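[1] 3D, please:
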Amino acid sequence: MTEAQKPLLIKRYASRRLYNTETSDYVTLEDIAGFIREGREVQIVDLKSGDDLTRQYLLQIIAEHESRGENVLPVDVLTDLVRSYTTQAQSVVPQFLAMSFNMLREGQEKMLENMQSMPSPMAAMPGFDALTRQQQSFLKTMMGGWGLPTASTGPAAETAPSGTEKDELAQIKKQLAELQSKLAKL
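    Residues are numbered from 1 along each chain as shown. Below is the predicted model of the structure:
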């Protein structure tokens with residue numbers, strides 16, 4: 001296993017401080033979230049017991065982002081997740097979520113490939129470059145932090161999503177919530 005593929009080992013000391021074994025320094029939850037956004041796998045273990053605490057800390061990172069108003073998970077999805085812990089769906093939900101995120105990742109990768117490699121007759125149209133940058137910006141915003149390949153599109157890609165992009169993102173979130181709801185009914 002190459003160094004880049006190996007999970008970054010973080011050790012938790014009794015003082016609850018987190019120690020990056022590669023750089024020999026202490027890290028915060030936000031640092032760990034940054035490693036993950038960069039595409040790095042992490043493994044967090046308790047130094048004394050050797051217990052794997054990765055899941056616990058990942059959930060804590062998500063909870064902190066949600067509490068700051070960075071809402072990615074709709075309330076009905078969170079509600080369904082809580083329900084899944086007490087129902088037969090418990091065994092199906094993890095597989096469904098993993099497959100859903102994999103399909104989303106693959107779809108984004110294909111879309112980016114098509115946008116970047118396919119010569120288009122529309123490329124000669126005035127404003128086509130701006131439209132392409134806007135689409136890539138939307139994808140980068142929508143899928144940000146998932147460790148997915150995105151094209152560097154210059155300063156225009158760093159702008160906030162437009163109203164239309166927000167509407168499309170809201171529609172995608174709604175569809176995911178509907179799928180989650182259907183799964184919960186099964």
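[2] Okay, domains of this structure per the record?
    8-67, 75-185 (automatic domain parsing).
[3] By mean pLDDT, show me the worst of those.
    Mean pLDDT per stretch puts domain 75-185 lowest among the domains of the chain, at a mean of 68.
[4] That domain spans what distance, first to last residue?
    The straight-line separation of the ends of domain 75-185 (C-alpha to C-alpha, to the nearest Å) is 17 Å.
[5] Which of the helices or strands spans Ile10?
    Under the criterion of DSSP states H and E, Ile10 resides in strand 8-12.
[6] Give me the sheet partners of whichever helix or strand comes after that strand and which way each runs.
    For strand 8-12, the following helix or strand on the C-terminal side (DSSP H and E) is strand 18-20. When pairing is defined by DSSP bridges, strand 18-20 lines up against strand 8-12 (antiparallel), strand 25-27 (antiparallel).
[7] I'd like to know which of the ones you listed is closest to Asn114.
    If you check each of the strands paired with strand 18-20 against Asn114 by C-beta to C-beta, strand 8-12 wins as the nearest, at 32.6 Å. Yep, even glycine has a C-beta here, placed from its N, CA and C like the rest.
[8] List of residues touching that closest one?
    Outside strand 8-12, the residues that touch it by C-beta atoms under 8 Å, 6 or more residues apart in numbering are 18-22, 27, 32, 35, 40-47, 53.
[9] measure stretch 61-74 end to end?
    Stretch 61-74 stretches 17 Å from its first residue to its last (C-alpha to C-alpha).
[10] which other residues reach it?
    Counting by C-beta under 8 Å, 6+ apart, 29, 32-33, 36, 173-174, 176-177 sit against stretch 61-74.
[11] same thing but 10 Å
    Contact with stretch 61-74 is made by 29-30, 32-33, 36, 78, 80-81, 145, 170, 173-174, 176-177, 180, as judged by C-beta atoms under 10 Å, 6 or more residues apart in numbering.
[12] what comes up buried for it?
    For stretch 61-74, burial by neighbour count (16 or more other C-beta atoms under 10 Å) applies to His65.
[13] do stretch 32-48 as well
    By neighbour count with 16+ other C-beta under 10 Å, stretch 32-48 contains the buried residues 32-33, 35-36, 40, 42, 44-45.
[14] now swap in stretch 79-87 and tell me
    Those would be 80, 84, for stretch 79-87 by 16+ other C-beta under 10 Å.
[15] Let's see that stretch as PDB, backbone CA atoms only.
    What follows is stretch 79-87, C-alpha atoms only, in PDB (Å, rounded to 0.1, in the frame of the first residue of the first chain):
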ATOM      1  CA  THR A  79     -35.000  11.700  11.200                       C
ATOM      2  CA  ASP A  80     -35.000   8.600   8.900                       C
ATOM      3  CA  LEU A  81     -31.400   7.900  10.000                       C
ATOM      4  CA  VAL A  82     -32.500   8.000  13.600                       C
ATOM      5  CA  ARG A  83     -35.400   5.700  12.800                       C
ATOM      6  CA  SER A  84     -33.100   3.300  11.000                       C
ATOM      7  CA  TYR A  85     -31.300   2.500  14.300                       C
ATOM      8  CA  THR A  86     -34.400   1.000  15.700                       C
ATOM      9  CA  THR A  87     -35.900  -0.800  12.700                       C
END
